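S.K.: sequence? don't have it. structure:
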């Protein structure tokens, strides 16, 4: 890979990246070895062996955190869970340098926007931001001027780890954001009883992670795609209640909230219990999951699962544990207030420092540089939009237009994309 190509992967302004995706690159120190450029086959095989070994060690280290986790594109908690995993990796393997970004660019910098040096913005951050040794590292312009190459940046952060560590206020913001993991990842999961066609139960039994694509398919449905789900010929061919079984499904809280908040008319012939029946919620959720399952694109894997013999009796003879408490979806004022309060304090602290800096500049009768203008403008916009969003959140909550749980999800989403 050429130097230009290797550095361009971190310059996101003009790149087109898939939505709902977090990207990361891991660079072991030995990747900077001159041997990589050698044509010696034995040397290249040795380096390849080292990479494979590192890959396996990393997977083994993280598997205890990820084995039972359900990933989902619309769940922004996934992104921060990835960040936690990357910081853990950098702690367990101190000879690694890691970069992470998404479609918004350097989102770690977005999170710490109120604590960054003025020169740092999307245009000046190329090849300057790394995770190493459990800390965030920022290579200052005074350390490497202009746009550094990837190799130069990696070499510098390896040999000057103490100099490149970001300020304690920046470290604290990131650590606070991921400090609740891995417990937060466990808390983010929600188990719920659902009544689904036995075919759907069989699929989720063998591939529980497919629930994320199921919810996505249902949530993003349109009129054309719902035509395929209307008759339920694939998963409910006989339109019989004997084909319906009750199972416990695990999903993220974001998925559960999306399914619960959607009003949806059952397809013709799909049997749903009356609202007076205690099992209505399980039946309604199961119906939504079944419709989402039809819209999943992994038809080949589904066919493989359903080609094996199975029976509804396998599910009906087992005891189904109760659903998890979902009061978090309707309560949670304290959590929302804390989140709003923290952001409000950050804004007040930034505004206070901003005014001090402006007063100092006026006294010195100095003309601000273009780079400081860019930084001030960006942060001022963030502060203004944050204040407007907090006001909207509080108004919506007071008017009870949204449940508190959904407001928290909206707040998290805003903080990630603003």
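M.R.: Nice, I can see it. Quick caveat: nothing in here was measured; it's all calculated off a predicted structure. Numbering: from 1, shown residues only.
S.K.: Okay, now the unreliable bits of the stretch 251-400 of the chain?
M.R.: 269-278, 293-295, 297-299, 332-337, 339-340, 343, 346-347, 349-351, 353-400 (pLDDT under 70).
S.K.: mind running it again at 90?
M.R.: Judged by pLDDT under 90, the stretch 251-400 of the chain has its weakly predicted residues at 254, 257-258, 260-281, 283-284, 287-321, 326-400.
S.K.: Of all the residues in the helix or strand hosting residue 284, which ones are buried?
M.R.: In this structure, residue 284 sits in helix 280-294 according to DSSP states H and E. Using 16 or more other CB atoms under 10 Å as the test for burial, helix 280-294 gives 281-294. (Glycine included, C-beta is placed from N, CA and C.)
S.K.: That one: what's the following helix or strand?
M.R.: helix 299-306.
S.K.: Show me which residues of that next one are buried.
M.R.: Buried positions in helix 299-306, judged by neighbour count with 16+ other CB under 10 Å: 302, 305-306.
S.K.: now swap in stretch 130-141 and tell me
M.R.: Using 16+ other CB under 10 Å as the test for burial, stretch 130-141 gives 130-133, 135-139.
S.K.: Now stretch 218-232: average pLDDT?
M.R.: For stretch 218-232, mean pLDDT rounds to 72.
S.K.: Show me where this structure has its strands.
M.R.: Ranges of strands in the chain, per DSSP state E, are 22-28, 96-102, 129-132, 135-138, 189-197, 244-252.
S.K.: Could you tell me the angle between the last one and helix 280-294?
M.R.: In this case it means strand 244-252. In terms of direction (axes from the mean of the first three to the mean of the last three CA atoms, to 10 degrees), strand 244-252 departs from helix 280-294 by 80 degrees.
S.K.: who touches residue 22 in this structure?
M.R.: Contacts were defined as CB atoms under 8 Å, 6 or more residues apart in numbering; by that measure residue 22 touches 78-79, 82, 100-102.
S.K.: Need the max-distance pair from those.
M.R.: Spatial extent of these (CB to CB) is set by the pair 78 and 101 at 14.7 Å.
S.K.: rewinding a little: wait, which of the contacts of residue 22 is closest to residue 221?
M.R.: Once CB to CB is applied, the member of these that ends up nearest residue 221 is residue 78, at 21.6 Å.
S.K.: List the backbone torsions phi and psi for the residue nearest to the closest one when sequence neighbours are not counted.
M.R.: What sits nearest to residue 78 in space, not counting adjacent residues and going by CB to CB, 6 or more residues apart in numbering, is residue 71, at 5.5 Å. Here is the backbone geometry of residue 71 (degrees, to the nearest 10): phi -90, psi 150.
S.K.: Can you give me the neighbour number for residue 71?
M.R.: When neighbours are defined as other CB atoms under 10 Å, residue 71 has 12 of them.
S.K.: And the chain, what are its domain boundaries?
M.R.: Using automatic domain parsing, the domain ranges for the chain come out as 3-183, 188-325, 330-417.
S.K.: State the mean pLDDT of the first one.
M.R.: Translated: domain 3-183. 85.
S.K.: sorry, back to before: tell me what the helix holding residue 284 is packed against?
M.R.: strand 189-197, helix 198-206, helix 211-219, helix 223-229, strand 244-252, helix 253-261 (3 or more CB pairs under 8 Å, 6 or more residues apart in numbering; DSSP states H and E).
S.K.: wait, which of the contacts of residue 22 is closest to residue 314?
M.R.: Nearest member of the contacts of residue 22 to residue 314, counting by CB to CB, is residue 78, at 31.6 Å.
S.K.: Let me see the contact set for the closest one.
M.R.: Residue 78 touches 22, 71-72, 252, counting by CB under 8 Å, 6+ apart.
S.K.: any idea how far it is from residue 20?
M.R.: Between residue 78 and residue 20 the distance is 9 Å, computed by CB to CB, to the nearest Å.
S.K.: just residue 248 next, same as before
M.R.: Going from residue 248 to residue 20 by CB to CB gives 27 Å.
S.K.: Who has more neighbours out of these two?
M.R.: residue 248 (17 against 14).
S.K.: What residues are bridge-paired with the more buried one?
M.R.: Judged by DSSP bridges, the bridge partners of residue 248 are residue 193.
S.K.: residues contacting it?
M.R.: Contacts of residue 248 (CB under 8 Å, 6+ apart): 191-194, 320-321, 323.
S.K.: That one and residue 325, how far apart?
M.R.: Distance of residue 248 to residue 325, given as CB to CB: 14 Å.
S.K.: Residue 192 too?
M.R.: From residue 192 to residue 325 the distance is 10 Å (CB to CB).
S.K.: Among those two, which residue is more densely surrounded?
M.R.: Each of residue 192 and residue 325 has its neighbours counted (other CB under 10 Å); residue 192 has more, 22 against 8.
S.K.: Number of residues surrounding the closest residue to residue 153 other than its chain neighbours?
M.R.: When the adjacent residues along the chain are set aside, residue 153 lies closest to residue 127, with 4.3 Å between them (CB to CB, 6+ apart). The tally of other residues near residue 127 (other CB under 10 Å) stands at 24.
S.K.: Same question for residue 329.
M.R.: Count around residue 329 with other CB under 10 Å applied: 19.
S.K.: what's the spacing between it and residue 170?
M.R.: Using CB to CB, residue 329 is found at 33 Å from residue 170.
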